[in-house]
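> Test case, fold it:
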Amino acid sequence: MNLSSKEVMNKSCFYLRFFPHNERLALRMNIAIGHKDLKVFKLAYKLSMEIYKVTRGFPKEERYSLTDQILRSSRSITANIAEGYRKKMYPKMFISKMADADSELAETQVWLDYAIDCGYISQERYDELTEGYEEVGKMIGFIINHPEKFCK
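Coordinates of the predicted model:
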């Protein structure tokens with residue numbers, strides 16, 4: 001029985017969906033099993049954890065303003081990516097969630113601007129985080145502009 005590459009891919013996706021223990025096969029075939037396999041999710045999650053570490057040094061008077069806001073928005077990026085990936089069978093919903101992730105990213109960048117201007121983080125740390133979030137933004141922009149590569 002000869003199968004086309006599309007049929008092989010569909011069978012592989014079916015197999016991986018119901019038999020996730022074979023993750024090595026997925027990695028060899030470059031198939032994302034879930035949202036945690038997406039490069040954009042991994043980077044956004046890493047940056048969110050860096051934000052958490054940075055905010056532990058913020059003054060207590062910022063706890064209910066800057067600290068809470070930047071933690072919420074940075075975590076919301078990954079949450080929206082995860083939700084969007086789960087809705088990838090509905091392209092419009094997928095794009096909407098990715099747009100929400102992009103909006104939360106922009107908000108996180110604004111809070112980073114406040115953090116540097118208030119003297120709560122160093123210029124080096126600010127540059128690292130900003131560069132990382134710019135990379136995430138590029139990836140999200142690509143996903144929004146090419147949903148067909150993710151929605152199947």
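> and the helix or strand containing residue 107, average pLDDT?
Taking DSSP states H and E as the criterion, residue 107 maps to helix 91-117. Averaged over helix 91-117, pLDDT sits at 96.
> same deal with stretch 33-47?
Averaging pLDDT along stretch 33-47 yields 90.
> if we can go back for a sec, neighbouring contacts of whatever helix or strand comes next after the helix holding residue 107?
Going down the chain from helix 91-117, the next helix or strand is helix 123-145, by DSSP H and E. Residues outside helix 123-145 that contact it (CB atoms under 8 Å, 6 or more residues apart in numbering): 39-40, 43-44, 46-47, 50-51, 54, 77, 81, 95, 98-99, 101-102, 105-106, 108-109, 112, 115-116, 121, 149-150. (Glycine included, C-beta is placed from N, CA and C.)
> Narrow those residues to those that are buried.
40, 43-44, 47, 51, 54, 77, 81, 95, 98-99, 101-102, 105, 108-109, 112, 115-116, 121, 150 (16 or more other CB atoms under 10 Å).
> what sits against the residue nearest the centre of the chain?
Centroid-nearest residue in the chain, with CA atoms, centre = their mean: residue 41, separated by 3.2 Å. Residue 41 makes contact with 35, 78, 81, 82, 85, according to CB under 8 Å, 6+ apart.
> domains in this structure, as residue ranges please.
Here the domain parsing of the chain from automatic domain parsing is 1-33, 35-149.
> That concludes my questions; thank you for your assistance.
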